[in-house]
Structures are given as structure tokens and as C-alpha cells.
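Colleague: Give me the fold of what follows.
(chains A and B)
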Amino acid sequence: MTEGDAASARPSYDPVAAQEKWQTYWAEHETFRPKDDGSAERRYVLDMFSYPSGDLHMGHAEAFVMGDMVARYWRLLGYDVMHPLGWDSFGLPAENAAIAHGAHPAEWTYANIETQARSFKRYGLSVDWSRRLHTSDPEYYRWTQWLFLQFFHRGLAYRKASYVNWCPSCLTVLANEQVVQGACERCGSAVTKRQLTQWYFRITEYAQRLLDDMSLLEGRWPERVLAMQRNWIGRSEGATVRFPVPGRDQPIEVFTTRPDTLYGATFMVVAPDADLAAELVTEAQRAEFEAYLERTKQATEIERQSTERPKTGVFLGRHAINPLTGQPIPIWAADYVLSEYGTGAIMAVPAHDQRDLDFARTYGLPVQMVIDTGQGDPAVTGQATAGDGVYVNSEALDGLTNKADGIAAINAKLSRDGSGWATVTYRLRDWLISRQRFWGCPIPIVHCPVDGEVAVPEDQLPIELPDLRGAALAPKGSSPLASATDWAQTECPTCGGPATRDADTMDTFVDSSWYYYRYCSPGDQARAFDPEQVARWMPVDQYVGGVEHAILHLLYSRFFTKVLRDLGLIDFSEPFARLLNQGQVINQGKAMSKSLGNGVDLGRQIDQYGVDAIRTTMVFAGPPEDDIDWADLSPSASLRFLQRAWRLAQDVSSPVGADPAAGDLGLRKVSHRILGEVGDLLELRRFNVVVARLMELVNATRKAIDGGLGGGDPAVREAAEFTAVALSLVAPYVAEEMWQALGRPASVANAGWPEVDPGLRAAERVTMVVQVQGKVRAKIEVPADIDQAEAERLALAEAGVQRALAGRAVAKVIVRLPKMVSIVPEA
RNA sequence: GCCCGAGUGGCGGAAUGGUAUACGCGGACGGCUCAAACCCGUCUGUCUGAUAAAGACAUAGGGGUUCGACUCCCCUCUCGGGCACCA
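Modeller: Model prediction:
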């Protein structure tokens, strides 16, 4: 080593050694296991658990550091914190990998879990590993099955035949929520329709409660998530109207949001795949109808949803009577009407609904304007009008001029006549939970030719998956479980006769709808969860995860929680009191992907810069909820900052416990002000600014040391200790090293949040700004307790202020002590 | 089309209605060094002025409220996200 070799001469922090050392320490001392003895208020911090597909990636690193900061902060504040972790370990990729390698899905799954567990531990998460769970463990899915049975017994799980969403690539059905713009949420294939008998959860029964309880989440969940859920539930107020049909006992009921346009209803449209259509069609029209139905079923969801697509349909040969005009109107079937929404039939008002107008023009059906908006007759313009206007051709309504009055009047008339009533409809559909795949939770139902659908008795749970591997798992469009005849053949629990097991598995979103309850009593052999433990820990105080689950996992979990409440197992309504959606990590403006070749490997980043630097980079990049572009970031700068912080601790030479009050006042003020701000910022989850403030503290402390204070001043120790404690949220390894170098006993995670001295935090002298007509003309250093008269006097004495006044008299002076004086001159 | 967000230096981003541009990146110059890296220091919105003093203009654009607006209100534009033949 040459004399001037500063790099090796200067001590520096070694991330790798620190990482190994402290991981071992935390594991041995169970540092992050909650005391759970009632000695402190409890807090529950939860990250959306991981799906075990390969090792952790940049997205995990971003998401999990946010939750970890909250958990570590609350721990420092003295709360008893539960911060568990587990795996959402059922699902398709494991099955596909097993098919490719002739293996069992469990092999792939549990190997990946081990890899991720090692990476999570290295990443320094303050997790209580004793609560670890995997949804694919029989000890877990036993209780998923138990919950299914509770739903079943309450009539909340039921089977029905319906046209369902089908992914031709995954060869399984999908829930409505898993169809994104007509494509499979997982693989992107165009979704088609199939008629199948499937299991559903009756989430629609909870639509209004899911909506109402959002008031409990207002301001605590991101507004956009609430908006998305509101949208998805899609409450719509309108009326049901009955149309008598000659030759049919029952009138047809339609749902409409515009009952006031009823006089303009010139035909009716029924969804082709609704039972009603097949029932209504006349023999003469049957062949044509069936050909049309067949074509409808072939269309993918992407095609069907396209609004550009020309309207098609077929006349069913029947008529209904408009209850107000008494006129017969033709009944058509057309695929722009959905069988699943409303009643599956609509009254068509072509003059005031663009879709109906397009259809009417295609098939030459009459158009009757009933509201004159002054925009011309839709029959002529081809533009349906939807706004307010003067009612025309509408006996009972003629003369009214706005929608609200029209709707009220018509609703009153309909209920008097018994031909209609006000109705609320929701867009939300029941949750289809059957899946024709192997690697999922078996549905605990036996199908008996005598007794029908029979619940498996609870003492026979879990129904474990049979040991299928390789080709036996290949998707055939029916469940692989059905081909495991030994498994599928069973006895009816009721009559003892031969019966078959339900061969479908549950949607993995069922597994993830209750895992956060299981964390509260993970080892419980007798129950899904211990209600007492749940009462202590739940609801989750802070939930962290991606916005991609805004209407999947989060809606389902809210639904589950309401059902559990109705079952008397819990006494709260919402599972997640606070929600933080972290953004995505992208690279060079785009999501990382193999095809773009812009992926950044988390493991390699950590090898190069260390865990702390990567965590710091993620946090400092911007607001937690914003996407961050790795190309804009500098992990080496983060490491530089951490080295600077670490060096502060090395430079401290005063003894442990040195009285800070004997230290430099200027530095102490900086330390207390910044620590106070950091606390405020943490409450607001403004983690990026937290890091910025800590950088200021480190810079100020360095300046103080080098500027003559040296390492022996107690204020320097205080600043370094503040830094170590606050930094432990972001960079736990460096913080532990600092804490140890400062002579303090491990772990810094339990050091407690330092007390901020309000007297030190409040400045004695402040910069007072003087404005003339709103423009800053002078800045004066003044005592913080300056009085109004003195402030005004000093302000007016400033040369810059006099210059700006240019001899004009002062009309008004506004003083905000001690920071601002605003002077208004005479005009 | 409907519903949410968001527009601030070269870049990521700060700013309870009261000093716009904190912190960092990038850049310039300097120190340390035989040299480089590391590290340290100073400067860094635009324009006028002399690199000063001083001033003008700047938070997508336009208007408003206010002594004072990035912040509140109205209109417009742009970008991002969600939903979408939902009657």
C-alpha cells in the first residue's frame, strides 16, 4: 500500500459481511417475533404475499421495503408489531413446469419458495418467520375447504350452469375479474364463452355492503382503488318495467335507467344466450335464431366488446305490448344485450340510446323521439340524444323539461299501474371459483346420484390432492383430478352409495382471500384461525401491495371478511385499515420484460451494491406509489451516502451515554429538527423525503465534525445515534453496524425512537421574509419571538423594501409572526 | 364515451395558502494524487447586467379568489391509469 492510497486507507463498510452477520443475529434472537403478551399496543403490517415463480425480482424489492419501513418504524415507536410472510403457492405456473419436466408441481413450488425465502432473509425484512405459511400445504388448504363449506351451508357457494369465460390457452374458466379487456389476465389469450356448470360464490349478495363500507376506507386507501371498486360494483339506479306478451302467462321484465323514455320504446331486445330468447322464439324463426346463437358463442370477448362492431340480431317472431302506449313492439335477440346484466332483456329506445339507434337503422325498425333536446330528430341525424329536453309524444310527461322530473313522474305512474317499480342493479357478477386445473385446492363436495351435492364432513378434511405428475396433469379442458379414478371414486357421506368427488379445484384467489387471518394463529390444528388472536391483531393496520389487485384480491378479501362477520367469527367489517400501493420498477421507460431485454437482475444489483444500497435507492427514487425508472437511479450514490453515514459512527469518540446537553447546540438543533421532520414524514409514508432529510443530517454532522467540533463532542454522538436509528428503517445492516460501532447493544431495531426535544426543534432565530405586493424584497434574520411592531419596523427599514415602495405610502401591513411581513402600498 | 390521477430545472423529485426548485443524479471548476479512481470543497432555473450589485421572468396554457397561489376555484391542452354494447 502506498502512502497516499486513500481508498484502502479509509475504512469502509462491507455490505456482504454485515449482511451475513446480522441475518444470523436476527434469526438467532428472533428479533422480529412479536411479544404478544399485551405489554404494548399491537400493530399488524402485511405485504401482499408472494407467488413462488422463480427468485425475487426488482418489483418485490420495491414493494417489500415499503412494508418493512412501516413495520420497523412502529417497532421503534414501541408497538408490538406482527409482520409475517408466506406464499401463495397454488397456481398454474407450477403445473406447467411439472408437465414440462415430468415432475410434481410441489417440487417446483417448494424449491422456488426456498429460493425466495433465502432472498427475503438476505433482503433484511423484519419478518417473524415463525408464522410462515404456504397455501398449498394441506394444513392450510384444509381450512380453505372448511371455509368453502361454511359458504356452502349459508347458500353463498352454489353451482349453476351458465355461459362462462373460457381461456383456450390455460384451458380453464375464469372469473369476470380475471378477464381484462376481453383477454385472460394471466396469459393474454382472447377469452371465449362456454356453457358449463360451475361453482360460484354469491358476492353479489354483498354488493351494497361492499359499496357502503368504503366509507370506512375513505382517506385510508388510495382514492383510485376505491374508485375502481366502485366502478366494478357498478351500482345503477333505474326501474323494472313489465311488458305483457300475448300468448305468454308472464310479462317480460326489463331494466332501464331511463323509464322516462318508455313512450319511445319501439322494440325489445333479448340476450341470445338467455333462456328467455330460446323460450320466446317461434318455430318459423327457430332455425335462424339458433344459427345466430351459435355465431354469438363463437365470438371472443374481445370481438364482442368492440363498440365498433356492427349490430347484429334476429327477430324472434313475437311481440310485446308497450305498457304505456298499448302498441305491440317486436322482440329481437341481439348480442349487444348481455344475459347476465339486469334481466337479460331491454326495452329499446332508439331515439335516445345510440346502441338501440344503430340497431334500429340496421334492421329498419321505427324510431320515435320522445324528448326534444333541440338537436334534431335522431331518426334523421343518426345521433341518439341523451340529455335533458322537452318531453313530446309522452302523454303523461308532455310539458316536463328535465330527466329527474320525468323519471319521478313515470315511476309513480308505473307503480300505480302495477307495471313497474324503481330498481337498483349492479354490474358485479357472482365469483366463479371452479378451475379445471390440478394445482389448486380441491372442492370438498361429493356428487351423489341419490343425494346430489353433498358436503364432505369436516372431520374428513383436508381432501388432499392425489399424487399426479407429468403428463397426467396436462390440461384437457376437464379436470385432471377426474382421471385419478382412485381419488375421484368415493362414497356418499349421506347414503354411503357410490359417488364421485368434485374434480375441479378452487381459484387461487380463494386461498389468498383469508391468509392474513391464518397468520394470527398459524399453527392452529383445530380452527382456520383463533378468533381471540384475530380480535387482537386484526384488522391489518397497514397493507402494502400492487394496484393490480385493486379489484381482484382486495375485493374478494373484503367480501370474505363480511361473510366471516356474518358467520360470527369476527366483529369487524373491513380487513385492511390502511392500504399503500407501491409503484412498479421499470427500466428505460418500459416495464421490464424478456422480449425487450431491459430486465434488471435484483440478485446482481445486490451483489454489486449491497442490500442496503438497493433498498435506499428504491425508497429515495420518488413517492412510494409512483413508478420508478431504474435507468434514472444511482445505487452507487446510495452506497456513497451509506458509507458517509457509517463513517460518522466510526468518528464518534465520546463515551456511550455522554450527556448530549453538554454538546454543540447548533448541531443538536439540526439533529432534533430533522428527526422530528422524519417522524412526521413517516406518518405520511413520504419515505423518499425521509431519506433526503437523513442525507441532510449526515451532511450537517460531517460538516460539524470536520469544521472543528471533532468526534468527541456529545452532540456528534447524538447525531450519529439518531442517524443509525432512523436509517435502520431503510438500511438495516448499515444501521446495525453503526449502532454497534457506537457501543450500543444490538439490535438497533429495538433501540426505540429517540425523543425529540421540542425546545431544540423550535428555532430561536428565523428568516423573516418581507414582501411588497406579494414579491419578496428582503430577508431578515430575527428572533423567533419577535413582536409585530418590531417586525414591521425592521421590514420598513430595509433598503430593498423602500426601493420597492418607491415613495408610495403604506396602505396595509399583514404580519404572520415570525416568518413573514407583507406590505401593500397605496395604489 | 364515462370515472380517477398527474403536469415543477438537463433528469428523479422537494415545498401545513407565506423564502419555488430541498435532497440526489448529471455538469463545471478546484483540493488530495506522479496520475487516475475514491474522497473532499465551491458553483449550477432562464434572461438583463460585468462572473458584481440589482432586477425581470419562470411550477402545461388561460382566467379567477387572495396582501400573497405549485398549492384553492373555473375553462382548455397533454400524459398516465381504470372501466366500457352494463341498457
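Colleague: excluding its backbone neighbours, what's nearest the closest residue to RNA strand B within the stretch 651-800 of chain A?
Modeller: Using Cβ to the nearest atom of the strand, the point where the stretch 651-800 of chain A gets nearest to RNA strand B is residue A:774, with a distance of 2.7 Å. No exception for glycine: its C-beta is placed from N, CA and C like everyone else's. Spatial nearest neighbour of residue A:774, excluding adjacent residues (Cβ to Cβ, 6 or more residues apart in numbering): residue A:822 at 7.1 Å.
Colleague: The one you found should be in a helix, yeah?
Modeller: No - going by DSSP: H, G, I helix; E, B strand; the rest coil, the assignment for residue A:822 is strand, not a helix.
Colleague: what's around it, how many residues?
Modeller: When neighbours are defined as other Cβ atoms under 10 Å, residue A:822 has 18 of them.
Colleague: Touching, it and residue A:813? I think so.
Modeller: Yes - using Cβ atoms under 8 Å, residue A:822 is in contact with residue A:813, at 7.1 Å.
Colleague: so what's residue A:428 up against?
Modeller: A:203-204, A:207, A:210, A:232-234 (Cβ atoms under 8 Å, 6 or more residues apart in numbering).
Colleague: now with 6 Å?
Modeller: Going by Cβ atoms under 6 Å, 6 or more residues apart in numbering, residue A:428 touches A:204, A:207, A:233.
Colleague: cool, residue A:698 as well?
Modeller: Residue A:698 touches A:644-645, counting by Cβ under 6 Å, 6+ apart.
Colleague: before we move on, the earlier item: quick one: which of the contacts of residue A:428 has the most company?
Modeller: The residue in these with the most neighbours, by other Cβ under 10 Å, is residue A:233 (21 neighbours).
Colleague: any idea where the strands of the stretch 51-200 of chain A begin and end?
Modeller: Applying DSSP state E, counting those that start in this stretch to the stretch 51-200 of chain A gives strands spanning A:80-82, A:86-87, A:133-134, A:157-167, A:172-174, A:179-180, A:183-184, A:192-201.
Colleague: close enough to count as contact, the residue nearest to residue A:774 and residue A:815?
Modeller: No - using Cβ atoms under 6 Å as the test, residue A:822 is too far from residue A:815 to be in contact (7.6 Å).
Colleague: Up against RNA strand B, what does the stretch 201-350 of chain A have?
Modeller: Counting by Cβ under 7 Å from any atom of the strand, the residues of the stretch 201-350 of chain A close to RNA strand B are A:223-224, A:227-228, A:231-232, A:234, A:236, A:238, A:255-258, A:271, A:304-307, A:309, A:311, A:335-338, A:341-342, A:344, A:346.
Colleague: Kindly report the same for the stretch 601-750 of chain A.
Modeller: Residues of the stretch 601-750 of chain A lying near RNA strand B (Cβ under 7 Å from any atom of the strand): A:620-623, A:626, A:628-629, A:632-634, A:637, A:640-641, A:643-644, A:686, A:688-689, A:691-692, A:695-696, A:699, A:702-703, A:706.
Colleague: Please flag which of those residues sit within helices.
Modeller: The members of these that map onto helices under DSSP state H are A:620, A:637, A:640-641, A:643-644, A:688-689, A:691-692, A:695-696, A:699, A:702-703.
Colleague: Out of these, which two are the most distant from each other?
Modeller: The span of those, defined through Cβ to Cβ, is set by A:688 and A:703 at 23.1 Å.
Colleague: Could you list the low-confidence segments of the stretch 201-350 of chain A?
Modeller: Along the stretch 201-350 of chain A, segments meeting pLDDT under 70 span A:306-307.
Colleague: can you pull out the strands in it?
Modeller: Using DSSP E, counting those that start in this stretch, strands in the stretch 201-350 of chain A cover A:235-243, A:252-256, A:267-270, A:314-321, A:328-333, A:345-348.
Colleague: what would the ones you listed look like in JSON lines with mean neighbour count?
Modeller: Formatted as JSON lines, the strands of the stretch 201-350 of chain A follow (neighbours: other Cβ atoms under 10 Å):
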{"stretch": "strand A:235-243", "mean neighbour count": "18"}
{"stretch": "strand A:252-256", "mean neighbour count": "22"}
{"stretch": "strand A:267-270", "mean neighbour count": "26"}
{"stretch": "strand A:314-321", "mean neighbour count": "21"}
{"stretch": "strand A:328-333", "mean neighbour count": "21"}
{"stretch": "strand A:345-348", "mean neighbour count": "26"}
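Colleague: Which of those sits closest to residue A:648?
Modeller: Closest among these, using Cβ to Cβ: strand A:235-243, at 57.0 Å.
Colleague: coming back round to it: just the buried members of the residues of the stretch 601-750 of chain A next to RNA strand B?
Modeller: Buried members of those, counted by 16 or more other Cβ atoms under 10 Å: A:620-622, A:628-629, A:633, A:641, A:643-644, A:686, A:688-689, A:691, A:695, A:702.
Colleague: What is the most widely separated pair among those?
Modeller: Spanning the widest gap among these are A:629 and A:702, at 29.9 Å by Cβ to Cβ.
Colleague: Just to check, residue A:613 is in contact with residue A:637?
Modeller: No - Residue A:613 is beyond contact range of residue A:637, at 8.8 Å (criterion: Cβ under 6 Å).
Colleague: now residue A:257, nearest residue through space, not along the chain?
Modeller: Excluding its sequence neighbours, the residue lying closest to residue A:257 (Cβ to Cβ, 6+ apart) is residue A:238, at 3.9 Å.
Colleague: That neighbour: what's it in contact with?
Modeller: Contact analysis of residue A:238 by Cβ under 6 Å, 6+ apart lists A:255-257, A:423.
Colleague: what's the closest of the strands of the stretch 201-350 of chain A to residue A:87?
Modeller: strand A:235-243 (35.9 Å).
Colleague: The closest one vs strand A:252-256, what angle?
Modeller: 150 degrees (axes from the mean of the first three to the mean of the last three Cα atoms, to 10 degrees).
Colleague: what separates strand A:235-243 from the chain centre, distance-wise?
Modeller: Averaging C-alpha positions (Cα atoms, centre = their mean, to the nearest Å) puts strand A:235-243 32 Å from its chain's average.
Colleague: quick one, it and strand A:314-321 angle?
Modeller: Between the axes of strand A:235-243 and strand A:314-321, defined by the same axes, to 10 degrees, the angle is 80 degrees.
Colleague: got the angle for strand A:235-243 vs strand A:328-333?
Modeller: 130 degrees.
Colleague: Please export the C-alpha coordinates of strand A:235-243 as PDB.
Modeller: Once non-C-alpha atoms are left out, strand A:235-243 reads as follows in PDB (Å, rounded to 0.1, in the frame of the first residue of the first chain):
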ATOM      1  CA  ARG A 235     -74.500   0.400  -8.900                       C
ATOM      2  CA  SER A 236     -77.100   1.600 -11.200                       C
ATOM      3  CA  GLU A 237     -80.500   3.100 -10.300                       C
ATOM      4  CA  GLY A 238     -83.400   2.700 -12.600                       C
ATOM      5  CA  ALA A 239     -86.700   0.900 -13.000                       C
ATOM      6  CA  THR A 240     -88.000  -2.500 -13.800                       C
ATOM      7  CA  VAL A 241     -90.800  -2.300 -16.400                       C
ATOM      8  CA  ARG A 242     -93.200  -5.100 -17.300                       C
ATOM      9  CA  PHE A 243     -94.200  -5.700 -20.900                       C
END
